[in-house]
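Undergrad: Let's see this in three dimensions:
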Amino acid sequence: MAGKRDFPTAAVVVDPDGVVSGWSEAGRLLLGWTAEDTVGRPVTGLLADPPPAGFPGSYGTDPGPHPTEFIRLRHRDGSTVDAVVAAHPLSGSDGRALGHVVTVQRWGRRPVIADRAFEQCPFALGVYDPELRFQWINASSGRVIAHSEEQVLGKKYREVLPEFDRSLFPERDDKPYTDALAEVARTGEPARLITVFRPLGSNYANAWATSMWPVRDAEGTVRAVANWGFDMSAEYWARQRLLILNEATGGIGRTLDVIGTAQELARTPVPGFADLVTVDLFDEVLRGEEPPSSPAHIPGDTMTLTRAAEHGAKEGSDTDRPSGHPLRITRAPDSVAARCMATGRSMVQLAGEPGQGGEWAFGPGLAADPAHWPPGNPLIDETITVDGLTGRITVPLRARGALLGVVAFSRSERPEAFTADDLILAEELTAKAAVAIDNARRYSRERTTALTLQRSLLPQRLPRQEALEVASRYLPAGTGAEVGGDWFDVIPLSGARVALVVGDVVGHGLHASASMGRLRTAVRTLADVDLPPDELLTHMDDLVIHLAGDLQPDSRFQPSGESGATCLYTVYDPVSRRCTLASAGHPLPLIISPDGTRTPVPAHPGPPLGIGGLPFEATELELPEGSLLALYTDGLVGGRERGADEGVSELLRVLNHAATSLEAVCDTAMETVLPDDRTDDAALLLARTHALAPDHVADWDVEPDTAQVPHARKFAVDQVEAWGLEEAAFVTELVVSELVTNAIRYGAPPIRLRLIRDTSLICEVSDASDTAPHLRRARVFDEGGRGLLLVAQLTQGWGTRHSTNGKTIWCAQTLQQSEPW
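TA: Numbers count the residues shown, from 1 in each chain. Sure thing, here's the model as predicted:
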């Protein structure tokens, strides 16, 4: 007997009055009605819709397809059957019409062999009516929904498969599939989609590629929706692994920070690949040092690592411990992690029990995995269930032949077992992260070295002087950026003057720090010569050009632009309250008057150091006592998301001229102005000007006659005693005598003697000659040559400074107690 799916063509004999007079067995198979049910009754009683015009006599008698061929018949169970009918005249031997033979064929029927082909197709095939009632499914589709065709025919999809609560069963959400079916039935437009869900009775999520299309009758009306789908889980999960690798490529190693990179590794595979990822590193790696020797050389030892990162799918599973409270992880010699680190090979642990023959039962959905396990994997380990895990992949973290730590990828929320392809993905992720972590470790070591060098080259504390009240701050570039070459300095000069210096070397790293040290030393050396700011920068420009040439392997090449620098050199004289400055490509200082208004600086920055051939301009301006000067580097005011002008305006806003503590002003400025996205060092030097009281300065014009020397001595002694510095009178008398005598003999008028009472007692003798004196050793019978030697022995410092009008020779005596201001 033919099966239900092998319906033959039914034949019905209808007399001239439209009454059924003959009924075939095929009719019973097709519609469920027996001969007893139908014979003697009108044939129109079998129709679910009003009969077409001329039925059955003229129905289907013309050759070719007919627009009214499609008829809906009533099945005995109350359902409808779409069918194609044709009426063939039935005549007797005398030609008399005996009625019609009506053939009935299920609509869409093909030969039985075709039906069997569709039935046995490995793809899931199905046909639904527009209300999503099952009309036909093949065996593969029945296995997917865990129902046979007999169980679902004529029933709506949701009657067979109720909708799950997506909040409780997100992995079993088939709503996109049913929505697409309904949309195809409504619009008549085909659709394609990929759905991921767990079939009924399965613990494994499958990915299905499905195509849907409308089935139309001859009039173009959508009578059904057909679909086919196939399990593309292997391809889908392979694509998901590629997407995770792609995300890892852009997401791991974005910062040159060991902890940050470890956290990126822990976050990337969750939740798409694993439910929990931990990264444990050796302490040496966290400190930027060389990792320890491989544990393979020290078997039997317990290893202690530090939990650098941990990230899980559950809320609150991340670890965020302060650097001072690390989580120590101890690994026993026989632990899986220790064995992985010792052998350098990964290990997969799967929970559960092995199947027959000792083989692990991986479950449905994973049979498409084409990969093969490497030797020793997987390890069936029921102990991991104690930790609530279904599987764990442990991978040693190695880079450039060095062992940095170990990474563990764990699954607990999902029942799917890890596959061999998953092991490959875990190793790829770890390998990418290992290189990034090692780069961060190396960078950390270089950064620490550069910071140590830089801090050793910067002033540890500002020198004591009375011309200015100063405060400073310096912050290296943020994490992930190399150390720059910013520097600042405060240099006491002769005549109670003070030089303020701030500069910035182009580039970053150890080279920038070393270059900064060279330039700072050169500035201090040239400052000791008392060069004017513009001349000092000219000498610095030549120095940078020479340094750049020394760095080139071939002198035919021009000096590298990375060897340049900017510098601002400012000299303040508390006697005249005048400030002289020159800039080599560096931002000019901000000057706030005592009344809070900004003092404009009538100057323009010159070219950066290292350009060569261009002049520098010195600018001089008089400052009221109590003026506030702010010297800074561009790392303080600039940023990727903020312009320098905006940063300068913000710095001006926070500079409180009335603040009693410059240290507090520095703190406020660094906290408020410093950009969050800074990639450069930032330096700030604040200075509040003082003025030397007029009665602490005494000067006298000296006639170019040696007879004036005794008068000069008396003038000096009287002034020193008037200041209450009787203990310095003797030495002052001697040095004044020597300096004035030399000026008269070897200098040129006008000659001027000046005494300054500061933290030291300063004696200056100026004349119009450019001839510089020099210290020499006099022979036994020489009558002269001992004056400067005497000055050098009796005072704590002496020197010469040149000006446009000649030179000044000075010497200074340290005072035990001095209150000049």
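
Undergrad: how about the strands in the stretch 101-250 of the chain?
TA: 124-128, 134-137, 191-197, 206-216, 222-231 (DSSP state E, counting those that start in this stretch).

Undergrad: If you average pLDDT over each of the ones you listed, which is lowest?
TA: Confidence, taken as mean pLDDT, is least for strand 191-197 of the strands of the stretch 101-250 of the chain (a mean of 85).

Undergrad: If we go by neighbour counts, what in it is buried?
TA: For strand 191-197, the neighbour count (16 or more other Cβ atoms under 10 Å) marks 191, 195-197 as buried. No exception for glycine: its C-beta is placed from N, CA and C like everyone else's.

Undergrad: ok, what's across the strand from residue 193?
TA: Residue 193 has these beta-bridge partners by DSSP bridges: residue 210.

Undergrad: That one reaches residue 178, doesn't it?
TA: No: counting by Cβ atoms under 8 Å, residue 193 does not reach residue 178; the two are 11.2 Å apart.

Undergrad: Quick check: which ranges of the stretch 51-200 of the chain have low pLDDT?
TA: By pLDDT under 70, the low-scoring segments of the stretch 51-200 of the chain are 58-69, 107-115, 163-173, 199-200.

Undergrad: Of the strands of the stretch 101-250 of the chain, which is nearest residue 792?
TA: Using Cβ to Cβ as the measure, strand 191-197 is the one of the strands of the stretch 101-250 of the chain that comes nearest residue 792, at 89.5 Å.

Undergrad: what's that closest one packed up against?
TA: Using 3 or more Cβ pairs under 8 Å, 6 or more residues apart in numbering; DSSP states H and E, the elements in contact with strand 191-197 are helix 175-187, strand 206-216.

Undergrad: By mean pLDDT, flag the weakest helix or strand of this structure.
TA: Across the helices and strands of the chain, mean confidence by mean pLDDT, DSSP states H and E is lowest for helix 112-119: a mean of 68.

Undergrad: where does residue 395 land in three-state SS?
TA: Counting by DSSP: H, G, I helix; E, B strand; the rest coil, the backbone at residue 395 sits in strand.

Undergrad: Show me the beta-bridge partners of it.
TA: Beta bridges link residue 395 to residue 407, judged by DSSP bridges.

Undergrad: That one against residue 345, yeah?
TA: No: using Cβ under 8 Å as the test, residue 395 is too far from residue 345 to be in contact (9.1 Å).

Undergrad: Show me which of those two is the more surrounded one.
TA: Neighbour count, other Cβ atoms under 10 Å: between residue 395 and residue 345, residue 395 has more, with 25 against 16.

Undergrad: follow-up on the earlier one: and of the strands of the stretch 101-250 of the chain, who's closest to residue 51?
TA: Minimum separation from residue 51 across those (Cβ to Cβ) falls at strand 222-231, 18.9 Å.

Undergrad: Other residues contacting that closest one?
TA: 70, 82, 107, 121-130, 132, 135, 144, 181, 184-185, 188, 206-217, 365, 368 (Cβ atoms under 8 Å, 6 or more residues apart in numbering).

Undergrad: 7 Å instead, please
TA: Here strand 222-231 makes contact (Cβ atoms under 7 Å, 6 or more residues apart in numbering) with 82, 123-130, 135, 181, 184-185, 188, 206, 208-217.
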